[in-house]
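*Asks:* sequence first, predicted model second:
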Amino acid sequence: MASAVWGPGSAHILTWHIVARMLSWIHAHWLNAPALTAWATFLTVIAGLVPLYIWRRGRRETVARKLSDHVEDDNHAELRDAASANIKVAGDIPREPVAFQPRPDILVLLTQGMREQSAGPVCSLEGGRGVGKTQLAVAYARQCIRDGWQVVAWITAEHPGQITAGLAEVADVIGLRGPTQDAELAALSARQWLERASVPSLLVLDNAVDPDTVRRWLPRAGCCQTVITTTLTSFSMVGVSIDVGVFNAGEAKDFLTVRSACDSLNGVDDLAYELGFLPLALAQAAWLIRSRRITFTDYLQRLRELPISDLMPRVPGEPYPRGAAEAAVLAVSDASTAESTGSARELVGLIAVLSPGGVHRKLLYAAFSSNRSTENVDNALGALLDSSVLTADLDGGILIMHRLVQRILRDREQRDGSLSSAIVRAASVLKLLLPDGDGFRKSHDAGTGNVDHVNALWETAFDYGCIRNAAGEICEIGFDLLDLRRSAVRALFLDYELKRSCALGVTVLEDHLCLLGTDHPFTDSARSWLAQAYLNAGRADLAIPLRVGIASNYTRIKAGKIQKRSAR
């Protein structure tokens, strides 16, 4: 009963309070020896701190539970208010999630997009899987209910039959459907009613996949607004398209903090960045942190060691049916189905091992020039862009994949045994674009942007154990990537990015020393290019010791060869 009256942990607090009073009484009446007195004082302090800890933990759980209950109460209250105000609500509008981020900038764009269209306005919320499109549509629908709109309909639109059934339900709610009328005719009568209605109404088509089917059922006149959520950019031809991206850093931090109910905020910013601020990934990570009682730092460490599929399960009780890894793989599968030549699968495998900053279209042309035409590559990229697996810059020249999707696809390629092939393909094309051993460019497309790809490729190969073979020796991929790393240093100082060239040169030399040792010719080559970078940067004091070391190695190796000849 005490726990029910005082809150979580109150019974434990009462117990510790009694213990503290007993210790104080023993201290005052029985203990005189200094050692025993000190020990009793220590126990008394501990007995006072433990209840504080229990109270804080219970308070945190109470706040989280009340927040969840408050969200649920708000959801029910809105529907009750709608019923009392004679607002017709059709379909199951999802509940607002815990720690919902309103993202007002996107909702403002949605409102403006509706106002820009005179009759039957349509806006599509477009973006990759798990960016929160549905929740934004939910927020807009609930605002329409609060504003007293006459009809608010929510329809899942993954299949044509769902749209027909959803509009037929609208006809039922409005009172248009006759006892013998089939779903098709009922849906048609609902659409016609929405076109003629003089009062505001809203139609939401969630997770739409076919623009032609959707267009058939859109109200063509009147003041009914239609919101479409989709992963397909082809819906931009249906109405005003609004791109929905990931959270910003502040939204991601707030979302993680509230949903995880974690005491310590250490590592929360790093974890949000590592997950690329993707709402679905953040929600699933927060659930695992909360259910396992671990910290952000603990989760981040596991994220760097374990497959993502093990760390991002579906959250129980939430409408999204998949984990983040499964959602990403499904998006690629959908794009591959739309593009039947198999190029889409090969393209995402290559892009997944390159820089998350974006890959130039020309690099992809070069990578597949031996077995794919330019048109074939463009068609595959079009399918990936339409499915929101990739995004592009304004002129379409740079293709970008979300960093978390890259990680998920690398994990898949590793399981399938095709990751090494993607690394070899990427290394081959980058070798053609970077300067050769004499410092001469092999292509006018060579540039410092490719250095980011070399660094990303090296990190991928290192993290997935592709540098060494089973015997622990440097394999061919390892030597090729070390060669690329030296070329990257050359590319930077040829483009007069001297600070970056020197910093990268130091790292590359350390890698050579670690993997090949101090006497290997490739290690001396790394020393040579770092020395050249230092000289170009005006740091002769750093370049001279490197040159001396190279000369010393050369002398020692030559002396060893002469000694071997003499011994023969």
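*Replies:* Looks like it came in fine. Numbers count the residues shown, from 1 in each chain.

*Asks:* C-alpha only now, for contacts and for neighbours.
*Replies:* Will do.

*Asks:* run a quick neighbour tally on residue 530.
*Replies:* By the measure other CA atoms under 10 Å, the count of residues near residue 530 is 29.

*Asks:* neighbours of the residue nearest to it when sequence neighbours are not counted, just the number please.
*Replies:* Nearest residue to residue 530, sequence neighbours excluded (CA to CA, 6 or more residues apart in numbering): residue 505, at 5.0 Å. For residue 505, the count of nearby residues is 27 (other CA under 10 Å).

*Asks:* wait, a helix at residue 505?
*Replies:* Yes. Remark: residue 505 belongs to a helix, assigned using DSSP: H, G, I helix; E, B strand; the rest coil.

*Asks:* for it, give me its contacts.
*Replies:* 486, 489, 526, 529-530, 533 (CA atoms under 8 Å, 6 or more residues apart in numbering).

*Asks:* centre of the chain to stretch 142-161, how far?
*Replies:* On the basis of CA atoms, centre = their mean, to the nearest Å, stretch 142-161 sits 29 Å off its chain's mean C-alpha point.

*Asks:* mind listing the strands for the stretch 301-450 of the chain?
*Replies:* 359-360, 391-392, 398-400 (DSSP state E, counting those that start in this stretch).

*Asks:* check the chain too.
*Replies:* In the chain, the strands defined using DSSP state E lie at 88-90, 122-126, 151-156, 201-206, 224-230, 240-243, 359-360, 391-392, 398-400.

*Asks:* for the longest one, packing partners?
*Replies:* By that I understand strand 224-230. Applying 3 or more CA pairs under 8 Å, 6 or more residues apart in numbering; DSSP states H and E, we find strand 224-230 packed against strand 122-126, helix 133-146, strand 201-206.

*Asks:* of these, which stretch is the most buried?
*Replies:* Among the helices and strands packed on strand 224-230, strand 122-126 has the highest mean neighbour count (mean count of other CA atoms under 10 Å), at a mean of 27.

*Asks:* note down every partner strand of it and its orientation.
*Replies:* Sheet pairing for strand 122-126, assigned by DSSP bridges, gives strand 224-230 (parallel), strand 240-243 (parallel).

*Asks:* quick check: angle from it to strand 201-206?
*Replies:* Counting by axes from the mean of the first three to the mean of the last three CA atoms, to 10 degrees, strand 122-126 points 30 degrees away from the direction of strand 201-206.

*Asks:* please name the residues that touch residue 120.
*Replies:* So residue 120 contacts 195, 218-226 (CA under 8 Å, 6+ apart).

*Asks:* tell me the one of these nearest residue 95?
*Replies:* Closest to residue 95 out of the contacts of residue 120 is residue 226 (19.6 Å), distances taken as CA to CA.

*Asks:* looking at strand pairing, list the partners for that closest one.
*Replies:* residue 122, residue 203.

*Asks:* gap between it and residue 244?
*Replies:* Distance of residue 226 to residue 244, given as CA to CA, to the nearest Å: 17 Å.

*Asks:* cool, residue 552 as well?
*Replies:* Computed as CA to CA, the residue 552 to residue 244 distance reads 59 Å.

*Asks:* try residue 484
*Replies:* In terms of CA to CA, residue 484 sits 37 Å off from residue 244.

*Asks:* which one of the strands of the stretch 301-450 of the chain lies closest to residue 115?
*Replies:* Residue 115 sits nearest to strand 391-392 of all the strands of the stretch 301-450 of the chain, at 27.2 Å, using CA to CA.

*Asks:* which strands border the closest one, and is each parallel or antiparallel?
*Replies:* The strands that strand 391-392 pairs with in its sheet are strand 398-400 (antiparallel) (by DSSP bridges).

*Asks:* other residues contacting the partner strand?
*Replies:* Residues outside strand 398-400 that contact it (CA under 8 Å, 6+ apart) are 356-361, 390-393.

*Asks:* among these, which two are most distant?
*Replies:* Maximum pairwise distance among the contacts of strand 398-400 (CA to CA): 14.1 Å, between 356 and 361.

*Asks:* what is the nearest of the contacts of strand 398-400 to residue 473?
*Replies:* Set against residue 473, the nearest of those by CA to CA is residue 356 (29.4 Å).

*Asks:* which residues touch that closest one?
*Replies:* By CA under 8 Å, 6+ apart, the residues touching residue 356 are 400-403, 406.

*Asks:* same check on residue 156?
*Replies:* Applying CA under 8 Å, 6+ apart to residue 156 gives the contacts 162-163, 166, 205-208.

*Asks:* could you flag which of those residues are buried?
*Replies:* 163, 166, 205-208 (16 or more other CA atoms under 10 Å).

*Asks:* need the residues you listed in TSV with distance to residue 433 and pLDDT, can you?
*Replies:* Output for those, formatted as TSV (distance: CA to CA, whole Å; pLDDT from 0 to 100):
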residue	distance to residue 433	pLDDT
163	51	95
166	54	95
205	46	97
206	44	96
207	41	94
208	41	95
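
*Asks:* so which of those comes closest to residue 92?
*Replies:* Checking the buried ones among the contacts of residue 156 against residue 92 with CA to CA, the nearest one is residue 166 at 10.1 Å.

*Asks:* count the neighbours of the residue nearest to the closest one when sequence neighbours are not counted for me.
*Replies:* Distances taken as CA to CA, 6+ apart put residue 155 closest to residue 166, at 5.3 Å, once the chain neighbours are dropped. Look at residue 155: counted by other CA under 10 Å, it has 24 neighbours.

*Asks:* residue 155 contacts residue 168, correct?
*Replies:* No. Taking contacts as CA atoms under 8 Å, residue 155 lies outside contact range of residue 168: 10.5 Å.

*Asks:* give me the pLDDT for residue 91.
*Replies:* With respect to pLDDT, residue 91 has a value of 91.

*Asks:* tell me the contacts of it?
*Replies:* With CA under 8 Å, 6+ apart as the criterion, the residues that contact residue 91 are 153-155, 166, 169.

*Asks:* what about 7 Å?
*Replies:* When contacts are counted by CA atoms under 7 Å, 6 or more residues apart in numbering, residue 91 touches 153-155, 166.

*Asks:* out of those, which is nearest to residue 431?
*Replies:* Among these, residue 155 lies closest to residue 431 (CA to CA), at 51.4 Å.

*Asks:* pretty sure the closest one contacts residue 207?
*Replies:* No. Contact between residue 155 and residue 207 fails when scored by CA atoms under 7 Å: they sit 9.1 Å apart.
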